[in-house]
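K.L.:
Here is my input; please provide its structure:
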Amino acid sequence: MRRIQGRGAGVRAGVRTGLLATVCLCAVAAGCAGPADPARPAVVPPAPGAVPVVEHGVGRPPEALPALPGLARKEEEAGTEAVARRESETRAALETAHRWGLEAPPLKAPPRPATRPVLAQSQGVKLKEGRPPVVYRVPTDEKVVFLTVDDGSEKDPEFSRMADELGIPLSTYVSDYLARENYGYFRDLHAQGVEINNHTINHRNLKVLGYDAQRDEICRQQDQLEKQIGVRPRLFRPPYGEYNDDTLRAAASCGVQAVPLWNEEAFPDHMEWRYDDRKLHPGDIILTHFRGTDLWKASMPDLLRKVVNDVTAQGFALGRLDDYL
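P.N.:
Residues are numbered from 1 along each chain as shown. So this is what the prediction gives:
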């Protein structure tokens, strides 16, 4: 009887062993052959189409991840579009430059400064308490210079169109006695982004006038330009560059914030220089005038062509003076 019981126990043990083996085989087939290691997170297969996430020490390293379908292609297409856009802009700039007879397109000016440069006493800046600063050269390290145009006698639509198409910034200083017959021309310039600044009512030498007469010349033109253009000027240039302390005091009394003069004067066939090195320097102010063939034997576009070619050849861009003063 004991032998029979022993044989039954062995059978039962064999059955248990077989059942356990069967369960383990099923567990291996299901991917869970043993209990999860609490020190290691379980790896959950990503859902179809999901971006696989690889944690440190689990799965493949990041560099082994396959590229997402279509991503490389989209980046390549975006890069191709950017290159094509730059090439198109370059071709357009060349075509515009050649149409106006330039040797090369003008260099692009640096971005407008977030704040105007702080002016300190120097060779290019004269300061006096209670007076607007007198500026020959704007303090900047960037290769940018500034073209300024005075008086207002010649009102050549081709000049304003050329400046607009080429993106040439200008700062103008207008005398009423020359502009009053056609302020519409200067309103159009202003609509292009050109500031129309003060150059007195009658273009007189202010140094020979008393304070009251100087104030009348300056402040009446402030009022006239505000009426005609819609903006009261911040900048004022005395005719011939002649001024004294009364000039600056009068200008300050009617809202002038700076008095730009110049280091170079441009003509259609040459440039006149203040300094012997005969070179442009960062921040230089260039003077020229609204004059035509009756005085220059050349047109305003001829003048602008000469200036842009000279400035570009020296590696400079033309900036907008009103953004710096």
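K.L.:
In this protein, mark out all the strands, start to finish.
P.N.:
Along the chain, counting by DSSP state E, strands occupy 125-126, 134-135, 144-151, 171-174, 195-198, 259-260, 264-266, 271-273, 285-289, 317-319.
K.L.:
Make CSV out of those strands and add mean pLDDT.
P.N.:
Formatted as CSV, those follow (pLDDT from 0 to 100):
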stretch, mean pLDDT
strand 125-126, 97
strand 134-135, 98
strand 144-151, 98
strand 171-174, 98
strand 195-198, 98
strand 259-260, 98
strand 264-266, 98
strand 271-273, 97
strand 285-289, 98
strand 317-319, 98
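K.L.:
center of this protein, which residue is that?
P.N.:
Note on the chain: the residue nearest the mean C-alpha position is Pro111, at 2.5 Å, using C-alpha atoms, centre = their mean.
K.L.:
Check what pLDDT it gets.
P.N.:
Pro111 carries a pLDDT value of 92.
K.L.:
Now do the phi/psi pair for it.
P.N.:
As for Pro111, its main-chain torsions (degrees, to the nearest 10) stand at phi -60, psi 150.
K.L.:
Use 466 as the first number from now on
P.N.:
Yes, from this point I'll number from 466; that puts the last item at Pro576.
K.L.:
what about it, distance to Val609?
P.N.:
In this view, Pro576 and Val609 are 11 Å apart by C-beta to C-beta, to the nearest Å. Just so you know, the C-beta spots here come from the backbone N, C-alpha and C atoms, and that holds for glycine as well.
K.L.:
I'd like the distance between the residue nearest to the centre of the chain and Ile633.
P.N.:
From Pro576 over to Ile633 (counting by C-beta to C-beta), the distance is 17 Å.
K.L.:
quick one: Met765 and Pro622 touch, right?
P.N.:
No. In this structure, Met765 is not within contact of Pro622 by C-beta atoms under 8 Å, at 9.5 Å.
K.L.:
And the two? Which one has more around it.
P.N.:
Met765 (25 against 10; other C-beta atoms under 10 Å).
K.L.:
Contact partners for the residue nearest to the more buried one when sequence neighbours are not counted?
P.N.:
Leaving aside its sequence neighbours, Met765 sits nearest to Phe624 (C-beta to C-beta, 6 or more residues apart in numbering; 3.5 Å). Neighbour list for Phe624: Ser764, Met765, Pro766, Leu768, Leu769 [criterion: C-beta atoms under 8 Å, 6 or more residues apart in numbering].
K.L.:
Which of those residues fall in helices?
P.N.:
Counted as lying in helices by DSSP state H, out of the contacts of Phe624, are Met765, Pro766, Leu768, Leu769.
K.L.:
export these to JSON lines and tack on pLDDT and distance to Ser587?
P.N.:
Output for these, formatted as JSON lines (pLDDT from 0 to 100; distance: C-beta to C-beta, whole Å):
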{"residue": "Met765", "pLDDT": "97", "distance to Ser587": "33"}
{"residue": "Pro766", "pLDDT": "97", "distance to Ser587": "35"}
{"residue": "Leu768", "pLDDT": "97", "distance to Ser587": "30"}
{"residue": "Leu769", "pLDDT": "97", "distance to Ser587": "30"}
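K.L.:
and which of those residues is nearest to Ala628?
P.N.:
Leu769 (6.5 Å; C-beta to C-beta).
K.L.:
What is the neighbour count of the nearest residue to that closest one once chain neighbours are set aside?
P.N.:
Nearest residue to Leu769 in three dimensions, chain neighbours excluded: Met627, at 5.7 Å (C-beta to C-beta, 6+ apart). Close neighbours of Met627, defined as other C-beta under 10 Å, add up to 23.
K.L.:
Output the strands of the chain in CSV, with distance to Gln686 and mean neighbour count appended to each entry.
P.N.:
Listed next are the strands of the chain as CSV, based on distance: least, C-beta to C-beta, whole Å; neighbours: other C-beta atoms under 10 Å:
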stretch, distance to Gln686, mean neighbour count
strand 590-591, 22, 17
strand 599-600, 18, 23
strand 609-616, 12, 24
strand 636-639, 8, 26
strand 660-663, 5, 25
strand 724-725, 14, 24
strand 729-731, 22, 21
strand 736-738, 26, 14
strand 750-754, 17, 21
strand 782-784, 25, 22
